[in-house]
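>>> generate a structure from the sequence data that follows.
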Amino acid sequence: MKALAAAGAGALGLLVLFLGVAAGVLASLNPLGSPPSQTAADDIPPAYQQLYVAAAATCPGLPWTVLAAVGKTETDHGRNPDWTSDMGAQGPMQFLPSTFAAYAVDADGGGPDINDPADAIYSAAAYLCASGARDGTNIPGAIYTYNHDSGYVATVLARADAYTGHATDTISADADNVPAAGAAADVAVDYATAQIGLPYQWGGDGPAAGDAGFDCSGLTQAAAQAAGIHLPRVAQDQYDAGPHLPADAPLQRGDLVFFGTSARSISHVGIYVGNNMMIDAPHKNAAVRLEDYRWNDYRGATRPLHA
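From the prediction side, this is the model:
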């Protein structure tokens, strides 16, 4: 967190317009608390999850998943040992000392400590609450106050959505542990969301394959595999595999979106998450991210996760 002053109402209005994804994501978050998705259970250390749930409860309307998504984005739930940023932000929730002093909560009775996970997480909840999260009034605005970066807001909201337990997270009990009918797209999107922030790596298939990150088709292949669906490896082959959507067909969550100079020269692929946004591994020196899919070289979409 860079902990700058809150933006004006006009700036925040523009932010929410930019983040078309926000309305859809926020509609899926339960401010009163929800059980963790499998993504959350796999990614969040139990002690941190308990702190996120307890701290969020001090701010009515703040989903614990949003607080957890901030913690993930800042220091990977305390796993990142470099807790002092170039701007001087410190601790597992990356507070500037001056901002921490203004919102500090002594959660465990030992005195407020910017590097103590309990104090940092409870203080982050207090800061978000004071910045618009109370009663769910303006959660995107509260996140934007935490870090003045619209891309940061989009990343936090996407991760919060992946951490939220939905009925579509249910896994069937058959021997292959394949997602229940209709759940594949949600499982794949949740998987892709959990990879946000990993580096782009040419030919990368992700940490499960021993790689630091993904390239574009490696990410979509791994997301589909998490949902029990096989995709070929490169973007052109994934495009050719179909099934193709008519040019005027509305996109659905989990659709693959493709880019290139022609249908025979596909060079990039992402996974659509709704509201004109996709998750993709864009290019060298860029991390897996959430961004608008409406590029000039967009060539069409396929729907293998709904087939």
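
>>> and the helices in the stretch 101-250 of the chain, which stretches?
When assigned using DSSP state H, counting those that start in this stretch, the helices of the stretch 101-250 of the chain occupy the ranges 117-128, 139-146, 150-163, 184-194, 216-226, 235-241.

>>> out of those, nearest to Ala287?
Taking Cβ to Cβ as the measure, these were each checked against Ala287, and helix 150-163 came out nearest at 9.4 Å. Just so you know, the C-beta spots here come from the backbone N, C-alpha and C atoms, and that holds for glycine as well.

>>> buried stuff in the closest one?
For helix 150-163, the buried set under the neighbour-count rule, 16 or more other Cβ atoms under 10 Å, comprises 150, 152-163.

>>> longest strand in this protein, please.
The strand spanning the most residues in the chain, taking DSSP state E as the definition, is strand 266-274.

>>> that one pairs with which strands?
When sheet partners are counted by DSSP bridges, strand 266-274 sits next to strand 256-260 (antiparallel), strand 277-280 (antiparallel).

>>> ok, the buried residues of helix 150-163 vs Gly109, which is closest?
Distances from Gly109 to the buried residues of helix 150-163, taken as Cβ to Cβ, are shortest for Tyr163 (28.5 Å).

>>> so, low pLDDT: which residues of the stretch 151-300 of the chain?
165-182 (pLDDT under 70).

>>> could you chop this structure up by domain?
9-165, 199-302 (automatic domain parsing).

>>> which of the ones you listed sits most buried?
The highest average neighbour count among these, using mean count of other Cβ atoms under 10 Å, belongs to domain 9-165 at a mean of 20.

>>> before we move on, back to that, residues contacting the longest strand of the chain, please?
Here strand 266-274 makes contact (Cβ atoms under 8 Å, 6 or more residues apart in numbering) with 21, 24, 158, 188-189, 192-193, 216-217, 219-220, 223, 235-236, 238-239, 251-261, 278-280, 282, 290, 293, 297, 299, 301.

>>> list the residues that contact the residue nearest to Arg159 when sequence neighbours are not counted.
In this structure, Arg159 finds its nearest non-sequential neighbour in Ala69, 3.8 Å apart by Cβ to Cβ, 6 or more residues apart in numbering. For Ala69, the contacting residues are Thr155, Val156, Leu157, Ala158, Arg159, Ala160, Tyr163, by Cβ under 8 Å, 6+ apart.

>>> can I get the host helix or strand of Ala69 as CSV, trimmed to CA atoms?
Of the helices and strands defined by DSSP states H and E, Ala69 is found in helix 64-75. Extracted C-alpha coordinates of helix 64-75, given in CSV (Å, rounded to 0.1, in the frame of the first residue of the first chain):
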residue,chain,number,x,y,z
TRP,A,64,-13.2,-10.7,4.4
THR,A,65,-12.3,-11.8,0.9
VAL,A,66,-11.5,-8.1,0.0
LEU,A,67,-9.2,-7.8,3.0
ALA,A,68,-7.6,-11.1,2.1
ALA,A,69,-7.1,-10.0,-1.5
VAL,A,70,-5.3,-6.8,-0.3
GLY,A,71,-3.0,-9.0,1.8
LYS,A,72,-2.4,-11.3,-1.1
THR,A,73,-1.6,-8.4,-3.5
GLU,A,74,0.7,-6.6,-1.0
THR,A,75,3.0,-9.4,0.4
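
>>> between helix 117-128 and it, find me the angle.
Angular relation of helix 64-75 and helix 117-128 on a 0 to 180 degree scale: 110 degrees, by axes from the mean of the first three to the mean of the last three Cα atoms, to 10 degrees.

>>> hang on, the earlier thing: what is the nearest of the buried residues of helix 150-163 to Met93?
Val156 (12.3 Å).

>>> nearest spatial neighbour of the closest one, skipping sequence neighbours?
Ala69 (4.5 Å).

>>> returning to that earlier point: nearest to Thr99 among the contacts of Ala69?
Comparing every one of those with Thr99 (Cβ to Cβ), the shortest separation belongs to Val156, at 17.2 Å.

>>> so who does the residue most central in space within the chain touch?
Note on the chain: the residue nearest the mean C-alpha position is Arg159, at 2.5 Å, using Cα atoms, centre = their mean. In this structure, Arg159 makes contact with Ala68, Ala69, Lys72, Thr73, Thr193, Ala194, Ile196, judged by Cβ under 8 Å, 6+ apart.
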